[in-house]
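*Asks:* model the structure of this input:
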Amino acid sequence: MPHATRGPLARHGRLPRRRGWATAASVVASALAVVLVSGTSVAAIAGAQLASAPTTVKLSTDDQSTAQTADITAIKGGANILLIGSDTRVGQFDSADDVQGARNDVTMLIHISQDHQQLTAISFPRDLMVPIPACSNPETGTTYPAATSAQFNTALGNGGVSCVVDTVENLTGLSIPYAGLITFDGVIEMSNALGGVDVCVADPINDTYTGLHLTAGSHNLEGSDALAFLRTRHGVGDGSDLARISSQQVFLSALLRKVTSDGTLSNPITLYKLAGAALSNMTLSDGLAQTQTLVGLAGALRGMSTANMLFVQYPVADDPADRARVIVDQDAAHTLNVALQNDQKTSLSDSTTGRASEESPTAGSSATTAPATGSSGGSAAPSSGSSSASSSASGAATSAATPTSTPLPSSITGQSASEQTCSVGND
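*Replies:* Numbering: from 1, shown residues only. From the prediction side, this is the model:
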């Protein structure tokens, strides 16, 4: 299992979470996560959508074999799904400047434990330098030779979804038989179907690149505003891709809390819209584009507490050859890889939330969350970013990490979906 050269630890500038927190064991995760946590009813709807829908792609022979023969709910060691957000704008909504080619702008590995008690979503920085195997582009037929060190987000352009899967498999030592790709339009339609997602902003965000301008406070984001929030890098933290990852975790956690706690799952119209928005804008691997697979996933995650849904950033260090790039933090990555390979329960009890996020000042409060505003305004003070703050806090308290959970190294940043956090702007 090849790894990049070890370097000094990256300077994260992270904000520590309060010890009182119960830290229990694109863009992408939102698209498939909504389908997964919504139970068999939405999975059945998703199955109907598959009949007319998505383009599918083939993964490597070994991955295809596993997907075709295994029951996703009973895979030994748990199930692994790679979710990819493409930054291509060709043919995309409201795009004045078509950018040729596609890069895996957001890449998340979803690991679902074999006992269906924990979900771990690992985000891989786009600027991470990693070995990339030889890949053939499925559209052009061009073959790209293996590289011992290349920027991670070039894998999609080299060989499509399968090449990204192969790259992550080499990096983590895991088998990944399922994958999905979503583009910008899917993010816009997903957020619209939900009626927006309430996110908390600790300090104002002003990003001229994406056109996102948010005051401190709680904001209901949907459509192009939700997309801009997920894409913004210059507007949060130190302007790095690592800052963007922690800000994305704020959004995705708020989304999962909304989907699982405020009646969304009992509304068949909303469920139909969500399934359609997700699947009509996704390219799925052959094994994932199966009704029985989606139904199995929905059943596996039904009832899982948001406290047991972990978002973590793959551990990295500064690249000594290029300060604008990062390399693998070998020691921390080895610990994470082994935990995933062995399907261990893990927790983030000693970690921090990331470069551009912090715990909400109202987290755990029983007070009613202040009304959310549109993207052009803000509340007087940051709120939890969830319309069900008290229920989320309660869920965190009652679903804390069990004694058998293995703490991940403190250098691995992240949060559980139950944690109410705020994005830290650059102003």
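*Asks:* alpha carbons of stretch 212-228, as CSV, please.
*Replies:* Taking Å, rounded to 0.1, in the frame of the first residue of the first chain, the C-alpha atoms of stretch 212-228 are listed here in CSV:
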residue,chain,number,x,y,z
LEU,A,212,-21.1,34.4,-1.3
HIS,A,213,-21.6,37.1,1.3
LEU,A,214,-23.0,36.0,4.7
THR,A,215,-23.2,37.9,7.9
ALA,A,216,-22.6,36.2,11.3
GLY,A,217,-25.7,34.3,12.3
SER,A,218,-28.0,31.6,11.1
HIS,A,219,-28.8,31.3,7.4
ASN,A,220,-31.2,29.1,5.4
LEU,A,221,-29.3,28.2,2.3
GLU,A,222,-30.7,26.6,-0.8
GLY,A,223,-30.0,26.6,-4.5
SER,A,224,-27.0,28.5,-5.7
ASP,A,225,-26.4,29.9,-2.2
ALA,A,226,-26.0,26.4,-0.8
LEU,A,227,-23.7,25.4,-3.6
ALA,A,228,-21.6,28.6,-3.1
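*Asks:* where's it relative to the chain centroid, distance-wise?
*Replies:* 18 Å (C-alpha atoms, centre = their mean, to the nearest Å).
*Asks:* which residue ranges form the helices in the protein?
*Replies:* For the chain, applying DSSP state H gives helices covering 28-37, 39-50, 61-69, 155-172, 184-193, 223-231, 241-261, 268-279, 291-301, 330-341, 389-398.
*Asks:* ok, which of the ones you listed comes nearest Thr362?
*Replies:* Set against Thr362 and scored by C-beta to C-beta, the helices of the chain come closest in helix 389-398, at 6.7 Å. All C-beta spots, glycine's among them, are computed from the backbone N, C-alpha and C.
*Asks:* ok, back up a step: TSV please, covering the helices of the chain and showing distance to Thr404, mean pLDDT and mean neighbour count.
*Replies:* TSV is the format used below for these (distance: least, C-beta to C-beta, whole Å; pLDDT from 0 to 100; neighbours: other C-beta atoms under 10 Å):
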stretch	distance to Thr404	mean pLDDT	mean neighbour count
helix 28-37	24	51	26
helix 39-50	27	55	20
helix 61-69	28	87	15
helix 155-172	22	95	24
helix 184-193	35	80	23
helix 223-231	34	91	23
helix 241-261	24	90	27
helix 268-279	34	75	20
helix 291-301	20	78	21
helix 330-341	13	97	18
helix 389-398	17	38	20
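*Asks:* closest one to Gly141 among those?
*Replies:* Among the helices of the chain, the nearest to Gly141 by C-beta to C-beta is helix 155-172 (10.7 Å).
*Asks:* what angle separates the closest one from helix 61-69?
*Replies:* 80 degrees (axes from the mean of the first three to the mean of the last three C-alpha atoms, to 10 degrees).
*Asks:* keeping just the C-alphas, turn helix 155-172 into PDB.
*Replies:* C-alpha atoms of helix 155-172 as PDB (Å, rounded to 0.1, in the frame of the first residue of the first chain):
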ATOM      1  CA  ALA A 155      -7.600  11.200 -10.800                       C
ATOM      2  CA  LEU A 156     -11.100  11.800 -12.100                       C
ATOM      3  CA  GLY A 157      -9.800  13.500 -15.300                       C
ATOM      4  CA  ASN A 158      -7.300  10.700 -15.800                       C
ATOM      5  CA  GLY A 159      -9.600   7.700 -15.700                       C
ATOM      6  CA  GLY A 160     -13.100   8.700 -14.400                       C
ATOM      7  CA  VAL A 161     -14.800   7.400 -11.300                       C
ATOM      8  CA  SER A 162     -12.900   4.000 -11.400                       C
ATOM      9  CA  CYS A 163      -9.600   5.800 -11.300                       C
ATOM     10  CA  VAL A 164     -10.600   7.800  -8.200                       C
ATOM     11  CA  VAL A 165     -11.800   4.500  -6.600                       C
ATOM     12  CA  ASP A 166      -8.500   2.800  -7.400                       C
ATOM     13  CA  THR A 167      -6.500   5.700  -6.000                       C
ATOM     14  CA  VAL A 168      -8.400   5.700  -2.700                       C
ATOM     15  CA  GLU A 169      -8.200   1.900  -2.400                       C
ATOM     16  CA  ASN A 170      -4.400   2.200  -2.800                       C
ATOM     17  CA  LEU A 171      -4.200   4.900  -0.200                       C
ATOM     18  CA  THR A 172      -6.400   3.200   2.400                       C
END
